[in-house]
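Peer 1: Predicted model follows, preceded by the sequence.
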Amino acid sequence: MPSKGLALYDPRQHRALILLYGDDPEVLCLCWAGLALWYLGHPDRALDRIYQAVRIAQDLAHPFGLAFALFWSAFLHQCRGEVQRAEEQTDVLIRHTQQQGIPQFSAMGTILRGWTLAKQGREEGVAQLQQGLAGLRDIGQELGRPYFLALRAEAHRDAGQLDEGIRAVTEALQITHASGECMHQAELYRLKGQLTPPTVEPEEIEACFLEAIAIAQRQRARSLELRATTSLARLWRQHGKSAEGRQRLAEVYDWFSEGFDTADLVEARVLLGQL
């Protein structure tokens, strides 16, 4: 657990571990804590942890540690739906990793920057996503691929390219089932529902959203549960079940105590007002 690692960490004793392992334990634990907090439904506390990690990595002037912290900072802004801040962080990350020769994080930064460009309606966004994914394949990295494919699927969805989006989601789900990397599995099922053609029976789309909700609940991933429930409530609204959708969405939304200016919570609040 990141919190236990942080509680045990003493800079006077453990800072030198960076020379032995190539990473600073405090930076790593703060990043993992931020990641966990976002999934658990605490987006503001997550941002505090990540920014603390970035500040420490900058003070240490450790190239790999700074790349690590900058990536998770960009990741978190992406999760919070903050396109401009994510783009700013990825620009810094890409410059840093290219100067320091860290291809892993350079490719990951390229993927995230592709997402920010796609969100702005720029055609080169999907091309950058594909470039970054190819870069990771070139160095043999498969870890994190389901999440990156989810970003690609989202970009295809926004561009109306449903077939391409479904292919990306299908590949990502195959990886999660084969490898057990399920961190973003709930989001993949939600995207699958969104990418399913509207000509398909609504029960098939509903099944995707319900599966996403079930996975998120098992993982206690409140942020992903909120997204999937918002998608389900919107679907139900289209099919005359606004009251049921509002009740279900309100139960999830009312659990949150922070992050009300983030994209997911704003979207849920607006939908609640419409239901």
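Peer 2: That came in fine, so what should we check first?
Peer 1: any idea how far residue 114 is from residue 161?
Peer 2: To residue 114, residue 161 is 14 Å away according to CB to CB, to the nearest Å. C-beta coordinates here come from the backbone N, C-alpha and C atoms, glycine included.
Peer 1: per-residue confidence for residue 11?
Peer 2: pLDDT, residue 11: 58.
Peer 1: do the same with residue 259
Peer 2: For residue 259, pLDDT reads 96.
Peer 1: Which one of residue 161 and residue 114 is surrounded by more residues?
Peer 2: Ranked by neighbour count (other CB atoms under 10 Å), residue 161 and residue 114 place residue 114 first, with 26 against 16.
Peer 1: need the contact list for that one.
Peer 2: If you count contacts by CB atoms under 8 Å, 6 or more residues apart in numbering, residue 114 has them with 124-132, 151-152, 155.
Peer 1: separation between it and residue 42?
Peer 2: Taken as CB to CB, the span from residue 114 to residue 42 is 28 Å.
Peer 1: Residue 198 now?
Peer 2: 35 Å.
Peer 1: And for residue 214?
Peer 2: According to CB to CB, residue 214 and residue 42 sit 22 Å apart.
Peer 1: In terms of neighbours, single out the busier of these two.
Peer 2: Each of residue 214 and residue 42 had its neighbours counted (other CB under 10 Å), and the higher figure belongs to residue 42 (20 against 14).
Peer 1: thought the more buried one was touching residue 259?
Peer 2: Yes. Applying CB atoms under 8 Å as the test, residue 42 and residue 259 come out as touching, 7.3 Å apart.
Peer 1: which non-adjacent residue is nearest residue 45?
Peer 2: Nearest residue to residue 45, sequence neighbours excluded (CB to CB, 6 or more residues apart in numbering): residue 37, at 5.0 Å.
Peer 1: Which stretches in the stretch 1-150 of the chain count as helices?
Peer 2: Counting by DSSP state H, counting those that start in this stretch, the stretch 1-150 of the chain has these helices, from start to end: 2-8, 11-14, 17-21, 25-40, 43-60, 63-79, 83-100, 103-119, 124-138, 145-158.
Peer 1: need the next SSE after the strand or helix carrying residue 215, C-terminal direction.
Peer 2: Per DSSP states H and E: residue 215 is located in helix 202-219. For helix 202-219, the following helix or strand on the C-terminal side (DSSP H and E) is helix 222-238.
Peer 1: give me the number of residues near the closest residue to residue 38 other than its chain neighbours?
Peer 2: Nearest in space to residue 38, with sequence neighbours left out and distances taken as CB to CB, 6+ apart, is residue 46 at 4.0 Å. Neighbourhood size, residue 46 [other CB under 10 Å]: 25.
Peer 1: Then residue 127?
Peer 2: When neighbours are counted by other CB under 10 Å, residue 127 comes out with 13.
Peer 1: just residue 51 next, same as before
Peer 2: Residue 51, neighbours per other CB under 10 Å, totals 15.
Peer 1: what do you get for residue 110?
Peer 2: Residue 110 has 22 neighbours, counted by other CB under 10 Å.
Peer 1: does it really touch residue 130, like I thought?
Peer 2: No. Under the criterion of CB under 8 Å, residue 110 is not in contact with residue 130, lying 9.6 Å apart.
Peer 1: got the contact list for the residue positioned nearest the centre of the chain?
Peer 2: Centroid-nearest residue in the chain, with CA atoms, centre = their mean: residue 79, separated by 4.4 Å. Counting by CB under 8 Å, 6+ apart, residue 79 makes contact with 38, 43, 223.
Peer 1: any chance of the residues you listed in CSV, with neighbour count and pLDDT too?
Peer 2: Below are the contacts of residue 79 laid out as CSV (neighbours: other CB atoms under 10 Å; pLDDT from 0 to 100):
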residue, neighbour count, pLDDT
38, 27, 97
43, 26, 97
223, 24, 98
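Peer 1: low-scoring pLDDT stretches of the stretch 51-200 of the chain, where are they?
Peer 2: The model of the stretch 51-200 of the chain has no residue with pLDDT under 70.
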